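this is the structure alone, sequence omitted:
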């Protein structure tokens, strides 16, 4: 069965939604008394800023931007909203890629940006406690000062801890370490009613009752507002290095991923790029990568506590690359050289966003299927006349297909072509046992794909859970499913 | 130059981090436990040497003075594509300042296989003097040019090169043999390859000790040094200032507000 293209529905509001109330001057006065006058705004600048994320979705300005500074302020704001049927859209740093932080029904944009304190880095329990507005880059930096590491490492380092929790973000190190869900040990959450609950903490093991914490992680702000998080940390490795390997064909590179895993090497990062991506990022950053003249590239990053072990991993992984058809294997072993390559990899999405009209698919498949997926995806690009530039966390099977508008494509045809290509990419992922979203979430722009993936029984279970957490449906309405 | 250019690149191993601890008593850096890398400026020198070799033929020899483990820096350079590594090592050389170091290196270079061009990094990230290169040229009695950021051509025993100075760009012609120091604008150094590293691991490193050089102990090491580090300290860290942009009115308001915040007015 062919589904109705999402693009045609994107601008319409959902008719099954409850009747929301408009914010009145009295509401505003009350909100100002809770968070302070200076933290409630309806200036055009603020409304514009809080109307978007990094998805191609048209803006949805809120009526008011409210910036609480503490858990109790969040609680009082939600209580007011809940009692008055005002929709609330929680926002981190709005770097999401599927419209989850768009205030679709206007109302309150609840920006957690002021709640950006790192409360504690506990070296005895290997945990860090922080507020949701802390940026991932700041969290990593503070934690690194203690010789520790929080492994989830999404490309978008200006994303917030709260946003990462809401989407269950993954990133570059998921192959070895897993995703955000694997490293969140405790949460403080404000429910729609305003009630504050704490789940988990610093215990490594916990078998009491249902894991509500796992429901909150990845719920994209639809079940509650995270106001504090306890992150699990690991000791940093002493040495890291990476291989930058150009390949003569995309299939050779894809097959190499499988071979590296077969040879029982566990890199902490295994990234795939094509030449189009390398050239785009070189242009964006105005500097060169070690090679830009081959169709496909792998970055293989390893870590160890001794130089000998690091060298062994580098040589084994490097030999595999060369055996599998890499034309060379460049090695970056100083911090500076590694950073240059990671910076380039992490700038990929920003580079594409700056230079093209695009959307990004976020499929994740069992990694053994990568070669087949990469090969068959080319036909999808040709079918719809779009340029597909895959960039992937190949090691964990999470491939981001940038779906790029060709210059000759008329503007009016683009949304449908883009959505059709996205739809086919997701179908192919499902066919191979994969998922529609590995780490970005479904938010608003990809919510139509949920039922296709999990079926109506599971969607109904999710709706039931939502009704228990947020009976009036004020929290981030019209997200995750249709 | 039918056989190509003979290039020597003197390099130094430096601590990787910028947050090095000092031993305040001896005035030296505590290098234990800190990863050692090729001085980043020397990587530009190596890269320029390799590019010249690719264009004109010849060979690139790398040279370093230091303890036995400084050979790692030479192997890293060989992994990038350098041909041979020479390690100047002897307890008698320890504690040298730039004068004693440049003398020892110059005498070592005379023991190597000859040279047309010596390329040095502008300075090191640990010592930061920028003196060792030019001093070497003086000891060798050859001309030198510092701050080079482009080598335009090498032919007929001459090099044409460009350097940026504070008040303009200078294009110079200099005869070989010549010593130059290069800055970070000259190129983007290549990464070593796996094949290069495997080759480097097996490469023979030639050692030069004072029994080869026969230098008077008074001329080398700590004793041969005219300068002493009397005090070493971390410079005070200044926080970056705030940059405010806008119209004159906005800026006046911003400054007024800041002064009020600071309770100056």
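Yep, that arrived. Every value quoted in this text rests on a predicted model; they were computed, and no experiment measured them.

for residue 180, list the residues it contacts.
In the absence of a named chain, this looks at chain A. Under the criterion of Cβ atoms under 8 Å, 6 or more residues apart in numbering or on different chains, the contact list for residue A:180 reads A:152, A:164-165, A:167-170, A:217. In short, each C-beta sits where N, CA and C put it, glycine included.

not quite, I wanted chain B
Contacts of residue B:180 were listed using Cβ under 8 Å, 6+ apart, and they are B:117-120, B:144-146, B:148, B:151, B:159, B:161.

which SSE is it in?
Of the helices and strands defined by DSSP states H and E, residue B:180 is found in strand B:178-182.

list the pairing partners of that strand within its sheet, with orientation.
Strand B:178-182 has its sheet partners listed here by DSSP bridges as strand B:117-121 (parallel), strand B:144-155 (parallel).

what comes up buried for the shortest one?
Translated: strand B:117-121. B:117-121 (16 or more other Cβ atoms under 10 Å in any protein chain shown).

picking up where we left off before, let me have the strands paired with strand B:178-182 in JSON lines, adding mean pLDDT as columns.
As requested, the strands paired with strand B:178-182 are exported to JSON lines (pLDDT from 0 to 100):
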{"stretch": "strand B:117-121", "mean pLDDT": "97"}
{"stretch": "strand B:144-155", "mean pLDDT": "95"}
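
quick revisit: after the strand holding residue B:180 comes which helix or strand?
With DSSP H and E, the next secondary element past strand B:178-182 is strand B:192-193.

and that following strand, how far out from the chain's middle?
Between the mean C-alpha location of strand B:192-193 and the chain-wide mean there is a distance of 20 Å, by Cα atoms, centre = their mean, to the nearest Å.

closest one to chain A out of the buried residues of strand B:117-121, please.
When these are ranked by distance to chain A (Cβ to the nearest Cβ), residue B:121 comes first, at 14.4 Å.

residue A:51 against residue A:63, yeah?
No: between residue A:51 and residue A:63 no contact is recorded; they are 10.9 Å apart, counting by Cβ atoms under 8 Å.

quick one: the helices in chain B?
With DSSP state H, the ranges of helices along chain B come out as B:40-56, B:71-80, B:98-111, B:132-140, B:194-202, B:210-213, B:248-261.

hey, least reliable of those by pLDDT?
Least confidently modelled of the helices of chain B is helix B:248-261, at a mean of 89 by mean pLDDT.

now check it, is it near chain A?
No: contact between helix B:248-261 and chain A is absent, the nearest approach being 13.7 Å (criterion: Cβ under 8 Å from any Cβ of the partner chain).

tell me which parts of chain B are close to chain A?
By Cβ under 8 Å from any Cβ, the residues of chain B that approach chain A are B:16-17, B:35, B:37, B:40, B:79, B:188, B:190-195, B:197-198.

just the buried subset of those residues, please.
Buried positions within those, assessed by neighbour count (16+ other Cβ under 10 Å), are B:37, B:40, B:79, B:190-194, B:197.

and the angle from the strand holding residue B:180 to helix B:132-140?
Interaxial angle of strand B:178-182 relative to helix B:132-140 (axes from the mean of the first three to the mean of the last three Cα atoms, to 10 degrees): 170 degrees.

the residue in the stretch 151-300 of chain A positioned nearest to chain B - nearest residue in space that isn't next to it in sequence?
Across the stretch 151-300 of chain A, the shortest distance to chain B (Cβ to the nearest Cβ) belongs to residue A:290, at 4.8 Å. Distance criterion Cβ to Cβ, 6 or more residues apart in numbering or on different chains; nearest residue to residue A:290, sequence neighbours excluded, is residue A:330 at 4.4 Å.

same check on residue B:81?
Nearest-residue entry for residue B:81: residue B:50, 4.7 Å, with adjacent residues in sequence omitted and distances by Cβ to Cβ, 6+ apart.

please report how far the one you found lies from residue B:187.
As for residue B:50, its distance to residue B:187 is 9 Å (criterion: Cβ to Cβ, to the nearest Å).

of the two, which one has the most company?
Neighbour comparison, residue B:50 and residue B:187: the larger count goes to residue B:50, with 21 against 18 (by other Cβ atoms under 10 Å in any protein chain shown).

helix or strand for residue A:415, which one?
helix A:414-431.

double-check that residue A:254 belongs to a helix.
Yes: assignment of residue A:254 by DSSP: H, G, I helix; E, B strand; the rest coil places it within a helix.

quick one: what helix or strand has the closest residue to it other than its chain neighbours in it?
Residue nearest to residue A:254 in three dimensions, not counting chain neighbours: residue A:371, with 4.0 Å by Cβ to Cβ, 6+ apart. Assigning secondary structure by DSSP H and E places residue A:371 in helix A:370-384.

so how far is that helix from its chain's centroid?
The chain centre lies 23 Å from the centre of helix A:370-384; the measure is Cα atoms, centre = their mean.
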